[in-house]
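A.B. asks: Requesting a structural model of the entry that follows:
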Amino acid sequence: MKYYIVTNREILIVLGQEQIDTTNDGLCTDSLRFATFDSGNSNPNSYTLIPDKSIFDTASPGTPSPQAVSPYYFNPNQPVKSGSERFFTELATDMAADEGGDLLVLIHGFNVDWACGIDDLRNVEKCFVKPNGSKIKHLLLFSWPSQGSVLKYKSDAQDAIISGITIGRCFQLFTEFLSEAFGGSNPQLLPCGNKIHLICHSMGNRVLQNMLDKLRADGNKFHDVFEEVILAAADVDNNIFENPLSFYLLNNLCRRMHVYFNRNDLALKFSAKYENPLKRLGTDGPVSLNILPSHVYLIDCTDVAFKYDRNIQSRIIQHDYFVQVPEVSTDVYAILSGTDDEKVANRTKINDIKYRLNME
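C.D. replies: Predicted structure coming up:
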């Protein structure tokens, strides 16, 4: 399976060739680069890095050309495809193919290096792509330079801010691509009708938080690009849905949103006790149900989060349950398949928007 990768890791020049810095000490940059990876390859560094568009064109989206007539992404005067143009076009073409389908985007969390990010995609593939009848056929990872160490929490937290701003620029690029590809009087591609979903895990939610802050600061309109947004074990303050905080506007990007939380998540308890004054969204859910925007659902995973894990450390920490615990991954799969919340099995309904997962 082809994995699509967006990264703001530093690009190194080694023997005249560009390489992504995949070490645990890589710098967090404000530059975007794009790559693909064959999931059948056991070497995480066997990616294909797409040449930067700036090598061929110094213009940027939104900057008029001298003639002010040529689009950025579908410029007939630029036959060499590179950067975001090549990446987005290839992705859209693959989604529209006969064997195409939905796209699932993953923003990983803290303590996840390059290789762990690839492994996270493999786990996501196993849970949400491999099941018979799955509509998800494509996976995309935003690999930001987490230090890959539990001792570098503060460093990761700072990098998540920069990375959120950078992925905000990627979102802006993508919405401009969609506008040129499918909008206006001269569309370049035919819509395939497939959907895009987003999963943010742990500190990946803080990356999303800063992405939304970037969009709001730039005065961008919030395009509803995503069908489903999954916030799993979110390492952000539990008041983040309050107006005017970031997630108050998140429902403008999607049709439906789910918050998966676990009151015994030790990683988030550490975060709340030592790094952040407020409780975490991923342990207690939102501070108040009355302030939630529409189409937000809460899933309490506390009873099932400890059940299954081959790793005793993870069993104690209870932080990666969205792919490690069958009851949770099955629930997420049902949501990504478009199942209405009231029809999802193995839940106890607490109220109209809150459910508790049951042991199977």
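
A.B. asks: just checking, Cys192 touches Glu99?
C.D. replies: No: with the criterion set as C-beta atoms under 8 Å, Cys192 and Glu99 do not qualify as a contacting pair; they are 11.7 Å apart. Every C-beta, even on glycine, is put in place using the N, C-alpha and C of the backbone.

A.B. asks: what stretches of the stretch 201-350 of the chain score poorly on pLDDT?
C.D. replies: 272-277, 308-316 (pLDDT under 70).

A.B. asks: Could you pull out the strands in it for me?
C.D. replies: All strands of the stretch 201-350 of the chain, identified by DSSP state E, counting those that start in this stretch, fall at 226-232, 254-261, 296-300, 347-349.

A.B. asks: need those in JSON lines with mean neighbour count and distance to Ile20, can you?
C.D. replies: Listed next are those as JSON lines, based on neighbours: other C-beta atoms under 10 Å; distance: least, C-beta to C-beta, whole Å:
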{"stretch": "strand 226-232", "mean neighbour count": "24", "distance to Ile20": "26"}
{"stretch": "strand 254-261", "mean neighbour count": "22", "distance to Ile20": "29"}
{"stretch": "strand 296-300", "mean neighbour count": "21", "distance to Ile20": "35"}
{"stretch": "strand 347-349", "mean neighbour count": "14", "distance to Ile20": "41"}
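
A.B. asks: quick one, which of those strands is nearest to Asn205?
C.D. replies: Nearest to Asn205 among these is strand 226-232 (5.6 Å), distances taken as C-beta to C-beta.

A.B. asks: For the closest one, which helices and strands make contact with it?
C.D. replies: strand 196-201, strand 254-261, helix 281-284, helix 321-324, helix 326-336 (3 or more C-beta pairs under 8 Å, 6 or more residues apart in numbering; DSSP states H and E).

A.B. asks: residues touching the closest residue to Arg256 other than its chain neighbours, list them.
C.D. replies: If the residues on either side of it in the chain are set aside, Arg256 comes closest to His295, at 4.8 Å by C-beta to C-beta, 6 or more residues apart in numbering. The contact partners of His295, taken as C-beta atoms under 8 Å, 6 or more residues apart in numbering, are Asn251, Cys254, Arg255, Arg256, Met257.

A.B. asks: Let me know the closest of the residues you listed to Val328.
C.D. replies: Met257 (16.3 Å).

A.B. asks: Could I get the contacting residues of that closest one?
C.D. replies: Met257 makes contact with Glu228, Val229, Ile230, Leu231, Leu250, Asn251, His295, Val296, Tyr297, according to C-beta under 8 Å, 6+ apart.

A.B. asks: 6 Å instead, please
C.D. replies: Residues in contact with Met257 (C-beta atoms under 6 Å, 6 or more residues apart in numbering) are Val229, Asn251, Val296.

A.B. asks: Mind listing the residues bridging to it?
C.D. replies: On the basis of DSSP bridges, Met257 is bridged to Val229, Val296.

A.B. asks: What are the buried residues along stretch 12-31?
C.D. replies: Ile20, Asp21, Thr22, Asn24, Gly26, Cys28, Thr29 (16 or more other C-beta atoms under 10 Å).

A.B. asks: Can you tell me the strand partners of the lengthiest strand in the chain and which way each runs?
C.D. replies: When the chain is scanned for its longest strand (criterion: DSSP state E), the result is strand 28-38. Using DSSP bridges, the strands paired with strand 28-38 are strand 2-9 (antiparallel), strand 47-49 (antiparallel).

A.B. asks: Name the next helix or strand downstream of the first one, please.
C.D. replies: Elements were assigned by DSSP states H and E; along the chain past strand 2-9, the next helix or strand is strand 11-14.

A.B. asks: List the strands paired with that next one, with their directions.
C.D. replies: strand 17-20 (antiparallel).

A.B. asks: Average pLDDT for the partner strand, rounded please.
C.D. replies: Mean pLDDT, taken over the full extent of strand 17-20, equals 95.

A.B. asks: neighbouring contacts of it?
C.D. replies: If you take C-beta under 6 Å, 6+ apart as the criterion, strand 17-20 is touched by Arg9, Ile11, Leu12, Leu49.

A.B. asks: could you dump that strand to CSV, C-alpha only?
C.D. replies: Once non-C-alpha atoms are left out, strand 17-20 reads as follows in CSV (Å, rounded to 0.1, in the frame of the first residue of the first chain):
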residue,chain,number,x,y,z
GLN,A,17,20.9,14.3,-2.6
GLU,A,18,18.0,15.6,-0.5
GLN,A,19,17.1,13.5,2.5
ILE,A,20,14.5,13.9,5.3
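
A.B. asks: Centre of the chain to that strand, how far?
C.D. replies: Relative to its chain's centre, strand 17-20 lies at 24 Å (C-alpha atoms, centre = their mean, to the nearest Å).

A.B. asks: And for stretch 159-177?
C.D. replies: Offset of stretch 159-177 from its chain centre (C-alpha atoms, centre = their mean): 11 Å.

A.B. asks: Can I get that stretch in CSV, CA atoms only?
C.D. replies: Written as CSV, here are the backbone C-alpha positions of stretch 159-177 (Å, rounded to 0.1, in the frame of the first residue of the first chain):
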residue,chain,number,x,y,z
ASP,A,159,7.4,21.8,18.2
ALA,A,160,3.7,21.1,18.0
ILE,A,161,3.1,24.8,17.9
ILE,A,162,5.4,25.4,14.9
SER,A,163,4.1,22.2,13.3
GLY,A,164,0.5,23.3,13.6
ILE,A,165,1.3,26.6,11.8
THR,A,166,3.1,24.6,9.1
ILE,A,167,0.2,22.1,8.6
GLY,A,168,-2.1,25.1,8.5
ARG,A,169,-0.2,26.3,5.5
CYS,A,170,-0.6,22.8,4.0
PHE,A,171,-4.3,23.0,4.6
GLN,A,172,-4.4,26.3,2.8
LEU,A,173,-2.4,24.9,-0.1
PHE,A,174,-4.8,21.9,-0.3
THR,A,175,-8.0,24.1,-0.3
GLU,A,176,-6.4,26.2,-3.1
PHE,A,177,-5.7,22.9,-5.0
